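Undergrad: coords please:
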Amino acid sequence: MKYKIYFNLLLSIALISCKGEHQANMEHKYTNALINETSPYLLQHAHNPVDWHPWNNETLEKAKTENKLMLISIGYAACHWCHVMEHESFEDSLVAQVMNKNFINIKVDREERPDVDQVYMNAVQLMTGSGGWPLNVIALPDGRPVWGGTYFKKEQWIKILDQISTLYEEEPEKLYEYAEKLAKGIKSIDVVQLNSEAPSFDKAYIETTIENWSEKFDYSFGGPNRAPKFMMPNNYHFLLRYAHQNNDTALMDYVDLTLTKMAFGGIFDHVGGGFSRYSVDTKWHVPHFEKMLYDNAQLVSLYADAYLLTNKALYKDVIEETLEFIATEMTNEEGAFYSSLDADSNNAKGELEEGAFYVWTREELETVLKEDFQLFSDYYSINDYGLWEHGNYVLIRQIDDSTLIEKHNLDAVQLKEKKELWEAKLNDLRNNRDKPRLDDKSLTSWNALMIKGYTDAYRVLNRKEYLVSALKNANFILQKQLRPDGGLYHTYKDGKSTINGYLEDYAATIAAFLSLYESTLDRKWLDASRDLANYTFDHFFDQKSRMFFFTSDDDPSLVTRSIEYRDNVIPGSNSIMAKNLFRLAHYFDNAYFANAAEIMLNNVKPEMQTYPSGFSNWLDLMLNYTNPFYEVAIVGTAAEEKISELNRSYLPNTLIAGSTVSSNMPLLENRFNPEDTYIYVCVNKACKLPVTQVDQALKLIEK
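TA: Numbers count the residues shown, from 1 in each chain. I've put the predicted structure just below:
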């Protein structure tokens, strides 16, 4: 808060000293450098009259050499308000004159450069108390921020730029003084102290955390009791597991309510499959229409485990329809997954409009569905409940299939046929509209989340094509994103792998490869996971805090080197990494990995009860310590078949190791018998007598 107060004072000084009217430049020949980039977001701005530069060493050196302020504008391709500000300001020649005269203008794709986004987002949150995208920051030539905000209208934008540039010209010492104070504030964010107390993880701690958290649950529509509503898959994955392991039926009902309402809601695309990013209301009705790969990847994993527990047909439908969307709209020929679909698309007038591709008028539906319209209306709420704005409807369900079947005297087969017919007709109609723009870059971390989604769907539904897709993408990462030195690239597009990988890339890839190993028993995925973990210790590990930095020690330094540990719409990279190390420690009997995971969890424990939603993945890891955690080793010629049978049960507190031949892995060594296939159930390196039947093993785990 003190930074905000200080800057308000600074800005008031700027207002007094500002000379008043803006004076236009002479006509300027712009030199927009984004045309050579591969990021779809940067290319969207390549023909602005602004002299945009990408974030790179040459641009940063240019700012220092010319001693000019940097104007850093950060967004992403699917961002609606980023497009609005581009149209209102960055495409305007008057605005461009102001920007080009006084600033080195830098456009950043936050998905390509999450490290840059983190630093300047922290700065803006310190200055204003909030953040978002587009994120706009003015920084000194050395990169230290002095001002920031999000979306601004054209007149506001010009006024702010004039004020800051005038202050820099007339009283630069004020900006340098503020930059010094703000830089200290930024460096204090995301600092993790080594917890000197002995690790202590118990059920009571988690129970209290959930009790506090539950005060913010929405028991009518699921999710949090506020709007907007983000889906936060890692929240419900943890709560699902906790409810199951502790026989908490009330909590299980809440999770089931949440997943059902999300699947019923307009946030799920009932025509084309897949989820949008979040809903703007409390009933999951009207989404912010962009579709992100990372949401859909994690939701497939979540619904897979929920289906395993409940056998609820709705959840199976969500998995299958989401993966069909991924296969048809978000996958390239190499098996790599694209990043997102835009919220905006051209409407009938040829103008970009949010949601234009996805919404329906009553007249359209009546025309295409004819005699089925009334039944469809009951199913998808073509009434006041489903009405959005301007006479448009966003499809949303209120009732389940059995209720509709009873009301309209149908049977399940008839309803299924009706739904397939409706979907085909609406898809035909919708495909005549202009599609949302596609961000066709592939990010290693998000691709790895999708690998895990496909692998989890295969584990639960046993559909071979899901495993094929997971393996194709995993091999793509090994062949295109893994460097000879053992490090990963972050992004891939048009045959080019670029940008040194971040911790999120390593953490998500390790988790995906571990899942692949459990489904295939192919040792290469386990060894690759271990090798990537070793690389992160060499290049990301902070000996002082015993956590991992977000950026490699090979990367150029920014204002600060952050440690990402809080869980968000994607779990924090440190929480994913800690869970990976816990599992790798069991696979390789590695005490160093085990100790590292325990210390990391202990480090964040003091903060976990304050904001449980931001630590759900850590809480999931804590369950591994508070409840028995089982190593299930299956050795013998029928190992794959027995693992497939084992996977029909929800077993979140286990890891699986297996081999159809003799193996020197710690969990498998000296256990192969060519005469039969044995299942060993172990806890803390102590194993029960081997059994030969899966149901026998399950009884040992249940005990």
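
Undergrad: please make it C-alpha for all contacts and neighbour counts, starting now.
TA: OK.

Undergrad: next, count neighbours for Thr128.
TA: 18 (other Cα atoms under 10 Å).

Undergrad: please shift the residue numbers so they start at 38 in all later answers.
TA: All set: I'll call the first residue 38, so the last point we hit is now Thr165.

Undergrad: phi, psi for it please.
TA: Backbone torsions of Thr165, given as degrees, to the nearest 10, read phi -120, psi -20.

Undergrad: pLDDT at it, what is it?
TA: We note a pLDDT of 88 for Thr165 in this prediction.

Undergrad: what do you get for Asn721?
TA: Confidence per residue is given as pLDDT, and for Asn721 that number is 84.

Undergrad: any stretches of the chain with poor pLDDT?
TA: In the prediction, the chain carries residues with pLDDT under 70 at positions 38-68, 740.

Undergrad: per-domain residue ranges of it.
TA: Here the domain assignment for the chain is 39-225, 240-380+476-663, 395-469, 667-739, based on automatic domain parsing.

Undergrad: out of those domains, deepest packed?
TA: Mean neighbour count, computed with mean count of other Cα atoms under 10 Å, is highest for domain 240-380+476-663 among those, reaching a mean of 20.

Undergrad: can you get me the start-to-end distance on it?
TA: The separation between the terminal residues of domain 240-380+476-663, taken as Cα to Cα, to the nearest Å, is 6 Å.

Undergrad: before we move on, what about stretch 716-727?
TA: Distance between the boundary residues of stretch 716-727 (Cα to Cα) amounts to 5 Å.

Undergrad: ok, back up a step: and of the domains of the chain, who's closest to Gly387?
TA: domain 395-469 (13.0 Å; Cα to Cα).

Undergrad: now the nearest residue to Leu424 once chain neighbours are set aside, which residues is it bridged with?
TA: The shortest distance from Leu424 to any residue that is not its chain neighbour, by Cα to Cα, 6 or more residues apart in numbering, is 4.5 Å, and that residue is Tyr430. Per DSSP bridges, the residues bridged to Tyr430 are Trp397, Leu424.

Undergrad: go ahead and confirm Val355 touches Ala300.
TA: Yes: shown here, Val355 and Ala300 form a contact pair, counting by Cα atoms under 8 Å, at 6.9 Å.

Undergrad: between the two, which contacts overlap?
TA: Taking Cα atoms under 8 Å, 6 or more residues apart in numbering as the contact criterion, no residue touches both Val355 and Ala300.

Undergrad: with distance to Ser233 added, can I get the domains of the chain in a markdown table?
TA: Formatted as a markdown table, the domains of the chain follow (distance: least, Cα to Cα, whole Å):
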| stretch | distance to Ser233 |
| --- | --- |
| domain 39-225 | 20 |
| domain 240-380+476-663 | 8 |
| domain 395-469 | 51 |
| domain 667-739 | 25 |
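
Undergrad: to Glu388, which of these lies closest?
TA: Comparing those against Glu388 with Cα to Cα, the closest turns out to be domain 39-225 (11.6 Å).

Undergrad: from the chain's centroid, how far away is the closest one?
TA: Averaging C-alpha coordinates over domain 39-225 and over its chain gives two centres that are 26 Å apart (Cα atoms, centre = their mean, to the nearest Å).

Undergrad: what's the answer for stretch 313-324, then?
TA: Taking mean C-alpha positions (Cα atoms, centre = their mean), stretch 313-324 and its chain are 17 Å apart.
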